[in-house]
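>>> sequence? don't have it. structure:
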């Protein structure tokens, strides 16, 4: 890799693909454009990935360049193809979702087979499945997962409750980290329930008062909670080493870059998904409008930081953001404009200032929201919108010259359709939307339950008609 201040150095840690980003000392003095170029050039180099030969290394670089051309609204050599896989590689590999979350040898075998049989332009990463042992040790209550609330062959399900109570907005606003530590985590992890006895860490400021602060930590139940957390950390190490080894192997042998390294959320979704819940946030918009708006603003820098710091693992400059509660029919345009878009836009701009590329999974339909996505404050060629059910021709017309779009091969078509129907749909989609660049072919919803022959038809048709 070139030795310039604009490039980011990487090291391999725990066998994760691409390793850990180490910023140069002058990183904070670089412009957003310089940071962006540095991240992109580093992604293309693929440091930390042990390619077996130069041919595979060049195949990897060609895929990154193809993706970069589409992201930057140029016309690549062909339309890139990516997949949102979910638990499907496990299903295709003949194992249950429960086995995928607990048996790392079976998980690795399934993902090796899937990446080999359905090679696209990015890696299907096994780490996205989740670590069942970690959740079990901590007694996770926020989700049910395979074998723990859902059947062994059914993926996880979120259990909505008001984990943040209606009268706790001021606590969240005053100190979000303290709120997470002493209120939220004890409610979503049974093993950490005793943490509600802890005092704020900010009490540790003067010698005479440090002893009283530590009394709660000496309680047997609190110490047991810390012991469970340490056990979960050991389980997490086991999981990341196993999945990291599999993903590195697949990336190296097949020349597949990781699509996204970072993850974050829209502030409204952060507040409405697992803090207040759907019912709670809907009522709060009317009963506690000012507190909701203040909380959304408070969450903006936190969501930016989340995307930035976890993007350091994996090597890709893309930060995935799934949108949950902003779709057509969920919020009115007025509510979307007031409660959802401003804080979400601020997160997008914050990530872009750090040289990152928001990869936004637009779940549901955004036909009534496309004008928001074309906001002139968002710099062109720095966001990817992957659409689920949005009209792609309208999306192309609205976002042409502004942002890369991706999707929206329908999940029902891939599940119950005929391969020829898939072929005709993908041919039309690639021809109408992808002919002049700025488009990436992808499924519109996670692949769980699709027919292999339909997935094959989608990929083959994209390869055939996506050539430029």
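That came in fine, so what should we check first? For clarity, every value in this text was computed on a predicted model and none was experimentally measured.

>>> any idea how far residue 273 is from residue 299?
From residue 273 across to residue 299, the span is 12 Å (C-beta to C-beta, to the nearest Å). (C-beta placed from N, C-alpha, C; glycine too.)

>>> if you count what's nearby, which of these two comes out ahead?
residue 299 (25 against 20; other C-beta atoms under 10 Å).

>>> where does the more buried one land in three-state SS?
helix (DSSP: H, G, I helix; E, B strand; the rest coil).

>>> where do the strands sit along the stretch 301-450 of the chain?
With DSSP state E, counting those that start in this stretch as the criterion, the stretch 301-450 of the chain has strands at 318-323, 357-362, 384-387, 404-407, 439-440.

>>> repeat for the stretch 1-150 of the chain
9-11, 20-22, 143-146, 149-150.

>>> Can you name every helix or strand that the longest one contacts?
This points to strand 143-146. Counting contacts by 3 or more C-beta pairs under 8 Å, 6 or more residues apart in numbering; DSSP states H and E, strand 143-146 is packed against helix 97-102, helix 132-138, strand 157-158.

>>> Tell me the gap between the next helix or strand after the shortest one and the middle of its chain.
Using DSSP states H and E, the next helix or strand after strand 157-158 towards the C-terminus is helix 169-174. Averaging C-alpha coordinates over helix 169-174 and over its chain gives two centres that are 26 Å apart (C-alpha atoms, centre = their mean, to the nearest Å).

>>> Stretch 406-420 now?
Counting by C-alpha atoms, centre = their mean, stretch 406-420 is centred 22 Å from the centre of its parent chain.

>>> what's it in contact with?
If you take C-beta atoms under 8 Å, 6 or more residues apart in numbering as the criterion, stretch 406-420 is touched by 82, 362, 384-390, 392, 421-422, 425-426, 429, 439-447, 449-451, 453-458.

>>> So which of those residues are in helices?
Those of those mapping onto helices are 392, 421-422, 425-426, 429, 453-458, per DSSP state H.

>>> What about those, which one has the most neighbours?
residue 458 (28 neighbours).

>>> Would you mind confirming that that one is in contact with residue 443?
Yes - using C-beta atoms under 8 Å, residue 458 is in contact with residue 443, at 7.2 Å.

>>> Name all residues that make contact with the closest residue to residue 171 other than its chain neighbours.
In this structure, residue 171 finds its nearest non-sequential neighbour in residue 179, 5.1 Å apart by C-beta to C-beta, 6 or more residues apart in numbering. By C-beta under 8 Å, 6+ apart, the contact list for residue 179 reads 164, 168, 171-172.

>>> Pull the contacting residues for residue 147.
98, 101-102, 132.

>>> can I get those residues in CSV with pLDDT, neighbour count and distance to residue 307?
Formatted as CSV, the contacts of residue 147 follow (pLDDT from 0 to 100; neighbours: other C-beta atoms under 10 Å; distance: C-beta to C-beta, whole Å):
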residue, pLDDT, neighbour count, distance to residue 307
98, 97, 20, 30
101, 97, 27, 25
102, 97, 19, 29
132, 97, 23, 26
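
>>> Return the member of the residues you listed nearest to residue 345.
Using C-beta to C-beta, the shortest approach to residue 345 within these belongs to residue 101, at 35.3 Å.

>>> and the gap between the closest residue to the closest one other than its chain neighbours and residue 230?
Take residue 101 and drop its neighbours on the chain: the residue closest to it by C-beta to C-beta, 6+ apart is residue 132, 3.3 Å away. Plainly put, residue 132 is 18 Å away from residue 230 if you go by C-beta to C-beta.

>>> go on, residue 246?
Distance from residue 246 to residue 230, by C-beta to C-beta: 25 Å.

>>> With neighbour numbers in mind, choose between those two.
Neighbours were counted for residue 246 and for residue 230 using other C-beta under 10 Å; residue 246 has more, 24 against 11.

>>> Pull the contacting residues for the more buried one.
Contacts for residue 246 were tallied using C-beta under 8 Å, 6+ apart; they are 104, 107-108, 111-112, 126.

>>> repeat for residue 115
89, 123-124, 250, 254, 256.

>>> Also residue 287?
So residue 287 contacts residue 166 (C-beta under 8 Å, 6+ apart).

>>> how about the nearest residue to residue 83, chain neighbours excluded?
The nearest residue in space to residue 83 (C-beta to C-beta, 6+ apart) is residue 120, at 5.7 Å.
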